[in-house]
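Asker: can't give you the sequence, but here's the structure:
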């Protein structure tokens, strides 16, 4: 195994561990899942920008599995979902939503605009998975719809998931900009062989 491959794997493990620790630092937590964290997506998107989409997808899938385990510890199986809804929830709210963070490296460039575009795309895709889950799965839970008619699941899901994903997007983009503004950080991140 080459030194670069070893470095890539070690960095991936470190970024997943850091992202996991940051995911436990919640600024705000919504009652039916979703929270604003202290930059928990930043290590994953930075890894993807550094090592590319393919490697970023592998690391983000690993992070997705850990988030699923965290969801299980938070009571995922006690939410009263039918088996089909539970599988859909696992696929949409965990595996799909967190795995797409690896696309952040798609526009890897020498300027911040490409990195911001990649990070934005990754977080918007994560939001899309949560939004779809809200429409498909969670609309059947009447107590979630406080004040909403049952035919407004699109609006409810948009507002509910947007209430934490928009701040997550803003914080992650700001974190990316600040990190890449530090002297020599951008050069180091875009040259994994160094």
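Answerer: Ah, there it is. Since the structure is predicted, the reported quantities are computational estimates derived from the model, not experimental observations. Numbering: from 1, shown residues only.
Asker: for the chain, what spans make up the helices?
Answerer: Using DSSP state H, the helices of the chain run over 3-23, 42-51, 53-73, 83-89, 97-99, 112-136, 153-181, 185-189.
Asker: Find the one among these with the highest mean neighbour count.
Answerer: helix 42-51 (a mean of 26; mean count of other Cβ atoms under 10 Å). Backbone N, C-alpha and C define where each C-beta goes, glycine included.
Asker: For residue 51, give me its contacts.
Answerer: Contact analysis of residue 51 by Cβ atoms under 8 Å, 6 or more residues apart in numbering lists 8, 11, 12, 59, 105, 192.
Asker: which residue is nearest the centroid of this structure?
Answerer: residue 98 (4.2 Å; Cα atoms, centre = their mean).
Asker: one step back: go through the helices of the chain and name the closest to residue 32.
Answerer: helix 153-181 (7.5 Å; Cβ to Cβ).
Asker: Which neighbouring elements make contact with that closest one?
Answerer: Judged by 3 or more Cβ pairs under 8 Å, 6 or more residues apart in numbering; DSSP states H and E, helix 153-181 is in contact with strand 26-29, strand 35-37, helix 42-51, helix 112-136, helix 185-189.
Asker: List the contacts of stretch 10-25.
Answerer: Counting by Cβ under 8 Å, 6+ apart, 37-44, 46-47, 50-51, 55, 58-59, 62-63, 66-67, 70 sit against stretch 10-25.
Asker: average pLDDT across that stretch?
Answerer: Taken as a whole, stretch 10-25 has a mean pLDDT of 96.
Asker: cool, stretch 106-116 as well?
Answerer: 83.
Asker: Can you measure across it, start residue to end residue?
Answerer: 11 Å (Cα to Cα, to the nearest Å).
Asker: chain center to that stretch, what's the gap?
Answerer: Here stretch 106-116 is found 18 Å from its chain centre; the criterion is Cα atoms, centre = their mean, to the nearest Å.
Asker: any low-confidence regions in this protein?
Answerer: Low-confidence segments of the chain (pLDDT under 70): 1, 79, 110, 139-151, 190, 192-194.
Asker: Grab the nearest non-local neighbour of residue 30.
Answerer: residue 164 (5.9 Å; Cβ to Cβ, 6 or more residues apart in numbering).
Asker: Next, the contact list for the one you found, please.
Answerer: Here residue 164 is in contact with 28, 30, 34, 35, 36 (Cβ under 8 Å, 6+ apart).
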